[in-house]
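Trainee: Make a model of this:
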Amino acid sequence: MGAVLHIDCSARTANSVSRKLSRAVVDELLEAEPSVEVIRRDLGVSAPPPVNSIEAAAFLTPPPDRTEEQVKALAASDALTAELLSASTIVLGAPMYNFSVPASLKAWIDYVVRAGKTFRRVANGELEGLCGGKKVYVCTASSGKAKGTKLDHLRPYLEVIFDFIGITDIVYFDAEGLAWGAEERERSINSAMENIRQHFSGRVEKQHV
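Mentor: Have a look, this model is predicted:
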């Protein structure tokens with residue numbers, strides 16, 4: 001296993017369900033391979049700002065033609081993109097905010113979906129993702145139950161983004177209905193944690209068949 005990129009984006013640094021689930025996934029990965037490198041990126045604590053005019057222009061300028069100002073402006077994007085490219089596994093804690101992803105996660109996406117780095121143009125105007133072979137675990141948390149309905153703009157959006165950069169191996173662990181009372185909240189969290197445990201237990205068993 002290559003490096004694990006562990007990303008959280010919940011604005012809540014305490015009592016966050018998506019953080020609890022993503023931590024559980026990372027713990028399972030570490031149990032399977034204790035020496036694996038874990039790259040930590042907490043967007044809920046420190047998120048990149050929205051793309052500004054200098055960065056937008058730099059993204060569209062071929063590297064040899066970029067000004068010194070543009071090169072400097074892309075330093076943060078280069079660092080985040082390098083983290084993504086260096087990892088073979090991404091663990092993402094993604095709470096649902098207003099039926100989609102948090103703004104901090106959207107900002108990260110805008111920084112790492114990069115022409116020539118995470119995707120490229122090929123013949124006849126076609127585009128090809130450059131992040132194939134990576135696996136993503138997405139740990140979601142939401143107050144209601146939008147999964148599989150027209151209100152769910154989180155999972156379809158993430159699937160489009162990851163597919164665009166070449167990642168199709170995505171596993172979801174979902175905790176929903178967290179605002180539906182204490183009993184339903186506990187049931188949903190416990191169910192998601194059990195799904196994580198069963199997923200990795202099943203993977204280990206298959207490896208030893």
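
Trainee: C-alpha coordinates for the helix or strand harbouring V138, CSV please?
Mentor: Counting by DSSP states H and E, the element that carries V138 is strand 135-141. Only the C-alpha atoms of strand 135-141 are listed here, as CSV (Å, rounded to 0.1, in the frame of the first residue of the first chain):
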residue,chain,number,x,y,z
LYS,A,135,-8.8,4.0,-4.1
VAL,A,136,-11.1,6.4,-2.3
TYR,A,137,-13.1,5.9,1.0
VAL,A,138,-15.7,8.6,1.5
CYS,A,139,-17.2,8.9,5.0
THR,A,140,-20.4,11.0,4.8
ALA,A,141,-22.6,12.4,7.6
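
Trainee: Pairing partners for that strand, with directions?
Mentor: strand 87-95 (parallel), strand 169-175 (parallel) (DSSP bridges).

Trainee: ok, now how distant is K135 from R114?
Mentor: 21 Å (CB to CB, to the nearest Å). Every C-beta, even on glycine, is put in place using the N, C-alpha and C of the backbone.

Trainee: Sorry, wrong one. I was asking about R12.
Mentor: 29 Å.

Trainee: between the two, which one's more packed in?
Mentor: Neighbour count, other CB atoms under 10 Å: between R12 and R114, R114 has more, with 20 against 13.

Trainee: so the lowest-mean-pLDDT helix or strand in the chain versus strand 169-175, what angle?
Mentor: Ranked by mean pLDDT, DSSP states H and E, the helix or strand of the chain with the weakest confidence is helix 182-207, at a mean of 86. Going by axes from the mean of the first three to the mean of the last three CA atoms, to 10 degrees, helix 182-207 is angled at 150 degrees with respect to strand 169-175.

Trainee: Taking the centroid of the chain, which residue is nearest it?
Mentor: L92 (4.0 Å; CA atoms, centre = their mean).

Trainee: Show me the beta-bridge partners of that residue.
Mentor: Applying DSSP bridges, one finds that L92 bridges with I7, V138.

Trainee: I'd say it and I7 touch.
Mentor: Yes: at 4.9 Å, L92 counts as touching I7 under the criterion of CB atoms under 8 Å.

Trainee: Between these two, which contacts overlap?
Mentor: Taking CB atoms under 8 Å, 6 or more residues apart in numbering as the contact rule, L92 and I7 both touch 22, 105.

Trainee: can you give me the strands for the chain?
Mentor: 3-8, 38-42, 87-95, 119-121, 127-129, 135-141, 169-175 (DSSP state E).

Trainee: These: which one's closest to R66?
Mentor: Counting by CB to CB, R66 lies closest to strand 119-121 out of the strands of the chain; the figure is 17.4 Å.

Trainee: For the closest one, buried residues please.
Mentor: Residues F119 are the ones in strand 119-121 that count as buried (16 or more other CB atoms under 10 Å).

Trainee: So which other helices or strands are in contact with that strand?
Mentor: In terms of contacts (3 or more CB pairs under 8 Å, 6 or more residues apart in numbering; DSSP states H and E), strand 119-121 is packed against strand 127-129.

Trainee: Tell me the strands beside the strand it packs on, with direction?
Mentor: Here, using DSSP bridges, strand 127-129 pairs with strand 119-121 (antiparallel).

Trainee: So what's the gap between the partner strand and the chain middle?
Mentor: How far strand 119-121 lies from its chain's middle: 20 Å, per CA atoms, centre = their mean, to the nearest Å.
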